[in-house]
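In: Build me a structure from this.
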Amino acid sequence: MPCVNDPRQSIFSDIAWFSDIKEFNTLELLTNQIHLWTSIIETKDLLMLSSGKDVVVALIDSGIDTDNPILASALWLNSSEIADDGLDNDENGYIDDLNGWNFGDGNDLIADKNGHGTNVAWILLQCSPDAKLIIIKVNPGESKTFDTNSVVEALYYAVEAGADVINLSLSFSKESKAVKDAIVYALKKGVMVVSSAGNNYSGITFPGTMKEIITVGATNSDGTAIFWSSPSGSTIDITAPGQYVETVGLEGDTVLKTGTSFSAPMVSGAIAVLLSMNHALKPQTIEDLILHSAKDLGDRGIDNSSGWGILSGSGIKQSATPSILATKTNRSTLENSSSITESFEISCYLPPTDSLTNVYIALMKNYATDTDGDKSDGETIWWLDSDGLWKGNNWNGAISIASLRLDNKGWNILLFNDSGGIWKNFSPSGFKPGIYNIGIAVMGESRLLAPVFWSPITFF
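Out: Next comes the predicted model:
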């Protein structure tokens, strides 16, 4: 693994900086211009997929406020290292690197001295609250600048520590081959890399210029336009709010931050949510789910200002969740006849899972009356089997109706109608008239790979 041993004697002399441009320390300052960014990107919908549990995100930044209990509880733990014993227990070249490493100062002290990393970490945890954070400090002391070598070392460290995602809210004055090589190494190891686009209106700054990674631009505080200092270019993939972003500072106070630095962790958080929901998802599948679910901005489709648009939690949830639609149609049996027959059509959408997926479909009836006060007695569930036959009344032998390998794109499937579909034997005629719920679930290795989806269906 490439390694440069002494940051102070670095042969890489390029200077980098964090991608923020202005700070507002009081909410009152811009009351009329503040918009809740969590509502704009719909984190509520995003968190219906997962909380980011069991996903590790490396923040290559200025450290975090280790006195903040919420941030401290999110710290990744190096289980191979014994705390404060002065030894390199895991023999990775870093002594007592329990939660990360400080490449700016050459020690294990990851406390934030300027607030940037704290701001970024807080934003990410609003999107994926149970993700674990590897804290990799690259700036010396309180400085907002750092050298290339620190970032190179940090990237390799993040990969070897087991990061699933790397967040780079930083910019370089020019392209660095060493940094690029380290990023490519991370990508080849299956690690997703997210970078801020920078705040130079004349163009995207490196590493955001790399097509291989996800580059994030910024919108205005209301999420409806491109922020004036967010650059344009062909490598912009997506945008997120980057103006007056509400986050937390070093003293635990609420601050408003501006810059693409604070847009990038929203996307990193969305990646953590998808990986937590289904760890089998491949990087390209995750990227497609996020980018193609964005709300369009600017020119229709992808463009150089906003990429695919603005990050959308509801769009991601819809693309990553199975759905089933049952519709009733009326038609005349004979031309110009008043005789009407009813028919049903049932179709479903199966999201990409990048794994062998078992599909279950159930029909549930809720009853208004309940004999013993146990609400579960007011429900009856039927499971559809692989032959299109219903197994009724809370049948415990539920089997999947299909085992499919769903790769990197979703499937729309016609299950049943009068003229075709997969299940010729399906018929609603055996059910009493009323309103039912029909549901669909996708599972793999005894765990859900997405939320269960329910839809109403009425039998007459």
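In: how does the protein divide into domains?
Out: 7-317, 323-459 (automatic domain parsing).
In: for the shortest one, what is the average pLDDT?
Out: Read that as domain 323-459. Here domain 323-459 scores 76 as its mean pLDDT.
In: Over to stretch 154-170?
Out: 98.
In: CA atoms only: put it into PDB for me.
Out: The C-alpha trace of stretch 154-170 is given here as PDB (Å, rounded to 0.1, in the frame of the first residue of the first chain):
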ATOM      1  CA  ALA A 154      -6.100   9.500   5.300                       C
ATOM      2  CA  LEU A 155      -7.700   7.900   2.300                       C
ATOM      3  CA  TYR A 156      -5.600   4.700   2.600                       C
ATOM      4  CA  TYR A 157      -6.200   4.600   6.300                       C
ATOM      5  CA  ALA A 158     -10.000   4.900   5.800                       C
ATOM      6  CA  VAL A 159     -10.000   2.000   3.400                       C
ATOM      7  CA  GLU A 160      -7.900  -0.300   5.600                       C
ATOM      8  CA  ALA A 161     -10.000   0.600   8.600                       C
ATOM      9  CA  GLY A 162     -13.100  -0.700   6.800                       C
ATOM     10  CA  ALA A 163     -15.000   2.400   5.700                       C
ATOM     11  CA  ASP A 164     -18.000   1.900   3.500                       C
ATOM     12  CA  VAL A 165     -18.200   5.600   2.500                       C
ATOM     13  CA  ILE A 166     -15.600   8.400   2.500                       C
ATOM     14  CA  ASN A 167     -16.800  12.000   2.800                       C
ATOM     15  CA  LEU A 168     -14.500  14.700   1.400                       C
ATOM     16  CA  SER A 169     -15.800  18.200   2.100                       C
ATOM     17  CA  LEU A 170     -12.600  19.800   0.900                       C
END
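In: Can you point out the buried residues in that stretch?
Out: 154-159, 161, 163-170 (16 or more other CB atoms under 10 Å). To be clear about C-beta, it is placed using only N, CA and C from the backbone, and glycine gets the same treatment.
In: just the domains of the chain: most buried one?
Out: Comparing those by mean neighbour count (mean count of other CB atoms under 10 Å), domain 7-317 ranks first with a mean of 21.
In: now that one: how far from the chain's centre is it?
Out: 12 Å (CA atoms, centre = their mean, to the nearest Å).
In: What segments of the stretch 201-350 of the chain are helices?
Out: 264-277, 283-291, 313-320 (DSSP state H, counting those that start in this stretch).
In: Output those as JSON lines; include the columns mean pLDDT.
Out: Formatted as JSON lines, the helices of the stretch 201-350 of the chain follow (pLDDT from 0 to 100):
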{"stretch": "helix 264-277", "mean pLDDT": "98"}
{"stretch": "helix 283-291", "mean pLDDT": "98"}
{"stretch": "helix 313-320", "mean pLDDT": "98"}
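In: Of the ones you listed, which is nearest Phe416?
Out: Phe416 lies closest to helix 313-320 among the helices of the stretch 201-350 of the chain, at 23.0 Å (CB to CB).
In: quick revisit: can you lay out the helices of the stretch 201-350 of the chain as CSV showing distance to Asp97?
Out: Output for the helices of the stretch 201-350 of the chain, formatted as CSV (distance: least, CB to CB, whole Å):
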stretch, distance to Asp97
helix 264-277, 21
helix 283-291, 26
helix 313-320, 33
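In: Of all residues in the chain, which one is nearest the centre?
Out: The C-alpha lying nearest the average C-alpha coordinate of the chain belongs to Ala270 (CA atoms, centre = their mean; 1.8 Å).
In: how close does that one sit to Trp122?
Out: Per CB to CB, to the nearest Å, Ala270 is found 16 Å from Trp122.
In: go on, Pro207?
Out: Counting by CB to CB, the gap from Pro207 to Trp122 is 23 Å.
In: same thing with Asp222?
Out: From Asp222 to Trp122 the distance is 21 Å (CB to CB).
In: same question, Gly410
Out: With CB to CB as the criterion, Gly410 and Trp122 are 33 Å apart.
In: now do Ala16
Out: Counting by CB to CB - Ala16 and Trp122 are separated by 22 Å.
In: returning to what we had before: out of the buried residues of stretch 154-170, which are inside strands?
Out: Val165, Ile166, Asn167, Leu168, Leu170 (DSSP state E).
In: hang on, isn't the fourth one packed against Pro207?
Out: Meaning Leu168. Yes: in this structure, Leu168 is within contact of Pro207 by CB atoms under 8 Å, at 6.1 Å.
In: Now for those two: what residues contact both?
Out: Val193, Ser195 (CB atoms under 8 Å, 6 or more residues apart in numbering).
In: Okay, strands next: where are they in the stretch 51-200 of the chain?
Out: 56-61, 100-102, 132-137, 145-147, 165-168, 170-172, 192-196 (DSSP state E, counting those that start in this stretch).
In: Put together a markdown table for the ones you listed, with distance to Asn358 on each row.
Out: A markdown table is the format used below for these (distance: least, CB to CB, whole Å):
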| stretch | distance to Asn358 |
| --- | --- |
| strand 56-61 | 28 |
| strand 100-102 | 39 |
| strand 132-137 | 29 |
| strand 145-147 | 48 |
| strand 165-168 | 28 |
| strand 170-172 | 43 |
| strand 192-196 | 27 |
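In: just checking, which of those comes out with the lowest mean pLDDT?
Out: strand 145-147 - the lowest mean pLDDT of those, at a mean of 91.
In: and that one, which strands flank it?
Out: strand 15-18 (antiparallel) (DSSP bridges).
In: can I get the CA coordinates of the strand it pairs with in CSV?
Out: Provided in CSV are the C-alpha atoms of strand 15-18 (Å, rounded to 0.1, in the frame of the first residue of the first chain):
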residue,chain,number,x,y,z
ILE,A,15,-2.4,23.1,-0.3
ALA,A,16,-6.0,22.1,0.3
TRP,A,17,-8.8,23.7,2.3
PHE,A,18,-12.3,23.0,3.6
